Every structure is written in structure tokens, then in C-alpha cells.
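>>> Need a 3D model of the sequence below.
(chains A and B)
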Amino acid sequence: MSRTAAWADTRTTLRWKRSGSLISYGLLTLGLGLMVFPFLWMISTSFKTLDEIYSLSLIPSRVTWDNYAAIFQGTPFPRWMLNSLYVAVIATVSVCVFDSITGYILAKFTFWGKQVIFVLILSTLMVPTEMLIIPWYLVSSSFNGMDTYWGILFPGLISGFGIFLMKQFMESLPLELLDAARMDGMGEWGIFLRIAVPLVRPAFATLCILTFLGSWNSFIWPLIITQSEEMFTIPVGMAFFSSEAKDSSNWVQIMTGATLSVLPLIVLFLCFQKQIIRGIATTGLK
Amino acid sequence: MRSTGVIPSRPKRRLWFGSGIGRLNYRHKQRLFIYGGLLIPLIYFVVIRILPILYSFNVSFREWGMLSPDKPFVGFDNYATLLSDPLFLKSLVNTGIYVVVGVPAQLIAGLIVALLLQQVVKLRGLFRTAYFIPYVTSVVAVSWIFRWLLMKNGIVNALFIELGLGPQSFLYSPSQAIFWIIAVMVWQNIGFQMLIFLAGLQNIPKLYYEAAAIDGATGWQRFVHITIPLLNPVMLLSVVMASIGFLQSFTQVLNMTGGGPLDSTISVVLHIYNLAFKSFDMGLASAATVILFVIILMLTLVQLKVLGSRFQQE
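Alright, predicted model coming up:
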């Protein structure tokens, strides 16, 4: 190919690329609207007065905080948020502790029964939760676990997915480093806590966030195990509250509640984007 | 300390209580760490994950009312009852629709967004964030937001009327409701799918595209012959995961339609939920979970086999 022809070729490619990316930008922006609009509409509704909720304008003519005041004073919403927070924090800590130990052991040691244990843990991921829920319910109801925090918590204290994630990250630790520490007389727990754990800090961030989100959003099990309003978590409370308030005048309240249950997650996600995205990309590829 | 396992010939010392762990040799200490560390997780997995599965099978073979004291063994009666129950069959058919429509829709949407994102350089982070946000938010809240958007006098209908499509009944229409629920599910999962595909796309060596371009392959040819085959392993994972997700449709269904109108959206899991926690027939409900389990297992195995072998050929 002559030099000029090559040059022309690059130029058409460039031009093609530019128009192509213009179309891409257009389509992506359109999609972005589709992704964000429902949330904007939700937030906008939560600031509207009752007589304005059917108006089709995104910006309320009079912004009111009354709906938030009403939800904080007249409903157990704050309690539900605290419940969710409490449960999510305990689940997150427990999952991080146990999944990291298990993942580390499975990644860095060879021992009798290792393969069996790993397969056993992974295979539980294939079992639909519904199959476990009925036995959990039957057992909880005979052990007074209904309507308690322990009842809500016990199914989520250790996660098979988390063990898998941790194992993937721990596998990259160089064995030489661990052996060097052993030579220096460091105990196994010391090696784990002082060498392995600090080195896979990104994995911890990912696991923490994903567990927290999962726990905050989990619905079917808390729906079944909680019975009194004070014990509801946010999704259960939200569902209960919304189906109670079926007459349309309460749409402002429902959207205010939805905003309260969604905004903390969005803020959390925006703060920890990198870790979440990396975590999902890592697990997605392996 | 000099007691590392590297020095093999260490005189055996007598162990007694209290003289303890410090005196165990390196290999023993390691073994203790391994099995000690695994003890709690293993007990947990056996008690909370494995035994309940077995228990579930057991319950499914019994007539299990919550109030009656004895739970007689009835063999396959529960299964027979379910398979002759029109509502259960309806829920099976609906679940089939959720999977057959939802999975490809989600994959295609995710792939399109991922490919578009690859084309752009500026604002990529912003787009990725915006597409991903629905995935991290609460399914219950999202269900109610869409209920609000899709109301008879809601904003979507206003838009439909504006576009000349006429007012729709959306979630109140037995022929449309299920597809709107699927649309919401797809909407919420696009971000996840996009991320998986983006990660997959980044793993395809640029070299292949350059080589194909030199050979004069068009954009479409490059897409069909390079992108798709090399995305296959990622695609396999996505198909399996999305299928399992759609097979377990519940939260959106319960919150958006409650299974109606005229049972047109009821899913297997919603049916299980109603059997177990509305009519408290745990035997029937367990049998239904076993059926669901078998379906998920079979589908996953078939997908792994079919899609997996296709990948290996290419």
C-alpha cells in the first residue's frame, strides 16, 4: 500500500470512528435517561404535595419536606432502617471474618479433604434459596427464632460466594512470602492476619460492600421470619407499607419511602464504585 | 525460634496438657490451623445449607400441615397433586416465559451497552455508573417505583398517549403484565450484565481485530467471528446466572402484581410462597421447591454442556 493510500485509509477510518462514536454517545445518553429517570421521578414525587402528584412535571411547583417529616414521625420507617443497618453490619463482619479464613485456607494449603470441601461449598450456590427457606422456617419456629435478629441473620453469616471470591484473590499471594514468614517463626494465624489480610485489602472492600448491599436488599427471608412491625427490615417494611397504602393518595409516601430505602445504597455505591466493579468483573471472569 | 518444619530431624518431645501448642511441630501447627480455621464454616455449611436440603426432601414426601401433630409419609402424593394443579402448571408456564424472554433480552441489552461503552472514551465512567446504579438498589423499591410510573394515569401512559399509542393498562392487563415485569427485571440487571461483558471484551486481544482489519474484514464480520466466539465463556456464565435468576422470579412479581391479573404473572416461587406461608401446606410447598431445584439443575447442566461444547469447538 502506498503511503498516500495508507494515509487516506487512516483518515476514513478516523472519520468513520468519529461518527460511530457520535452515534454511540447518542444511544448511551438515551439509555442513561432510561436508567436514571425512574429515580428522578421517584425523588420528584417525594417532594410533591398531594394535589400535585398527578402533574406531569419533573420539578414540583412547590417543594415540600412534609412527606419526609410524616414518614419519620408517623411510621416505623426509622426503626426499619436501623434494623437493616444492624443486620447488615453484623452479616458483613461475620462474612468477612469467616470467608477470608476459609478462602485463605482453601487457596494456600493442600490437605486431606480440600477438594471435597470446596465442591461442597460451591455446590450449595446451585441450590435455590426457596428450598432452604421452608426448613429454616420450620426449625426457627420450633426454636423461637421467629421475629428475632438472630432469626433474620443466621442464613447470611457465611457466604459460599464470598469464600469463592476470597479464594480467587488469595490465590495470587506468593507462597514464598508466606514461607519466608514461617522461616522467621511467625505462627499461622500471624501470617494470615499480618501478611495475607493486608495484602488482599481490595478483596475485603469488595466483599464488604457486596455483603452489605445483599443484606440490605434481601427480601424473601426477612419477609418470612419477621412478624411484628418493629422487626421489619427496610424492604419488608417498604413492601408492607406500600401494600397497606394502596389508595393512590399515598403514592407520595410510598415514593418517599422508596427514596429513603434507595438513596443510602446509591451513596454507598458512588463511594465504593471501584471496589464493587472490580469485584464483579473478577468473579465474572472466573 | 528455630522450630520450623524445614529442619526435619527434631527429637520427639512428649506432649501433655498445658505444655500445648507452642511445642507442637510446624506440620502439626499447620494442620491445627487448617482444620481449626475450617471448623466453624464447615459446621455452618452442613447445618445451615446441607441438612436443610435433605430435610426439604423429607418434608416433600409428607403430608405436612402446620397444625396437625403427625406428618404421615405419603410418598409421591404431593408431587402428583402439584402436577395436576392447574395453578402450579400455570406458574411453571409463566416461569418459562420469564426465562425464555428475560434471559435473551437481558443478554442482548447488556451486550449492546457494553459494545457502545467500548466505542466511547470520554464520560465512560459516568455512563458505567449510571447504568450500574439500578443493580445495587432495592428490588422492592424499584418494583414500587415502576408501579407508580406504569399507573393508569402515570407518566409512562402520558408519554404513550403523546406518542399516539393510546392509554395502556400495563400491569392490569393479563396479556401485558408479565412482559412489563420482565422489562423491569431486565432494566435492573443491565448494569451487571454490561460489567461482565465489558470485562470479557477487555480480555480479547486487540491483535485479533488488527489482523482481521488487515485481512479486510468488515466491522460486522469482526463482531461475528471474533467478538462473539471469544465472549463465549463469559456468555456461558451469564446465561446460567440469568436463567437461575429468572427461574427464581419472586420479589418483583409479589410487589408489582402479586401474581395477578388472573394469575397471568404468578411464578413458581410465588406459588411456593403462597403454599408455604399463606396456606401453610409445607409438604406441597417443599415438593414444589424440589421440582424447581431439579429444573434449575437440569437447565444448568444442559447449558454447561451445550454452550460449553460449542465454545470448545470454536
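>>> Only C-alpha atoms from now on, for both contacts and neighbour counts.
OK.
>>> quick one: pLDDT of B:P11?
At B:P11, the pLDDT value in this model is 50.
>>> now swap in B:G18 and tell me
Listed pLDDT for B:G18 reads 46.
>>> For B:T265, which residues are in contact?
The contact partners of B:T265, by Cα atoms under 8 Å, 6 or more residues apart in numbering or on different chains, come to B:S91, B:N94, B:P174, B:A177, B:I178, B:V253, B:T257, B:G258, B:G259.
>>> Wait, a strand at it?
No. Using DSSP: H, G, I helix; E, B strand; the rest coil, the secondary structure at B:T265 is coil, not a strand.
>>> what are the phi and psi angles of it?
Dihedral pair for B:T265: phi -120, psi 0, per degrees, to the nearest 10.
>>> For the closest residue to A:M231 other than its chain neighbours, which three-state class applies?
Nearest non-adjacent residue to A:M231, counting by Cα to Cα, 6 or more residues apart in numbering or on different chains: A:D147, 6.3 Å away. A:D147 falls in the coil class when you classify it by three-state DSSP.
>>> picking up where we left off before, scan the contacts of B:T265 and report the most crowded one.
Greatest neighbour count in the contacts of B:T265, by other Cα atoms under 10 Å in any protein chain shown, goes to B:I178: 28 neighbours.
>>> didn't it look like it was pressed against B:S267?
No. Applying Cα atoms under 8 Å, one finds B:I178 not in contact with B:S267, separated by 9.9 Å.
>>> what's the spacing between stretch B:154-165 and its chain's center?
Relative to its parent chain, stretch B:154-165 has a centroid offset of 33 Å by Cα atoms, centre = their mean, to the nearest Å.
>>> Please state the mean pLDDT value computed over it.
Stretch B:154-165 comes out at a mean pLDDT of 85.
>>> Mind exporting the C-alpha coordinates of it to CSV?
What follows is stretch B:154-165, C-alpha atoms only, in CSV (Å, rounded to 0.1, in the frame of the first residue of the first chain):
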residue,chain,number,x,y,z
GLY,B,154,-48.9,7.7,35.3
ILE,B,155,-46.1,9.3,33.4
VAL,B,156,-45.5,6.4,31.0
ASN,B,157,-49.1,6.4,29.9
ALA,B,158,-48.9,10.2,29.4
LEU,B,159,-45.9,9.5,27.1
PHE,B,160,-47.8,6.7,25.3
ILE,B,161,-50.7,8.9,24.7
GLU,B,162,-48.4,11.7,23.5
LEU,B,163,-46.8,9.2,21.0
GLY,B,164,-50.3,8.1,19.8
LEU,B,165,-50.0,4.6,21.3
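>>> tell me which residues of it are tucked away?
By 16 or more other Cα atoms under 10 Å in any protein chain shown, the buried positions in stretch B:154-165 come out as B:G154, B:I155, B:V156, B:N157, B:A158.
>>> which of these come close to chain A?
Among the buried residues of stretch B:154-165, the ones lying near chain A by Cα under 8 Å from any Cα of the partner chain are B:G154, B:I155, B:A158.
>>> Looking at the residues you listed, spot the one nearest B:L230.
B:L230 lies nearest to B:I155 out of these, by Cα to Cα, at 41.6 Å.
>>> residues in contact with the closest one?
B:I155 makes contact with A:L56, B:L149 under the criterion Cα under 8 Å, 6+ apart.
>>> Please determine how far it is located from A:V252.
14 Å (Cα to Cα, to the nearest Å).
>>> before we move on, what about A:P202?
As judged by Cα to Cα, A:P202 and A:V252 stand 40 Å apart.
>>> between these two, who's got more neighbours?
Between A:P202 and A:V252, counting by other Cα under 10 Å, A:V252 is the more crowded of the two (24 against 17).
>>> What residues does the stretch 151-286 of chain A have near chain B?
Neighbours of chain B within the stretch 151-286 of chain A, by Cα under 8 Å from any Cα: A:155, A:158, A:182-185, A:188-189, A:213, A:216-217, A:219-220, A:224, A:235, A:238-239, A:242, A:251, A:254-255, A:258-259, A:261-262, A:265-266, A:269-270, A:273, A:277, A:280-281, A:284-285.
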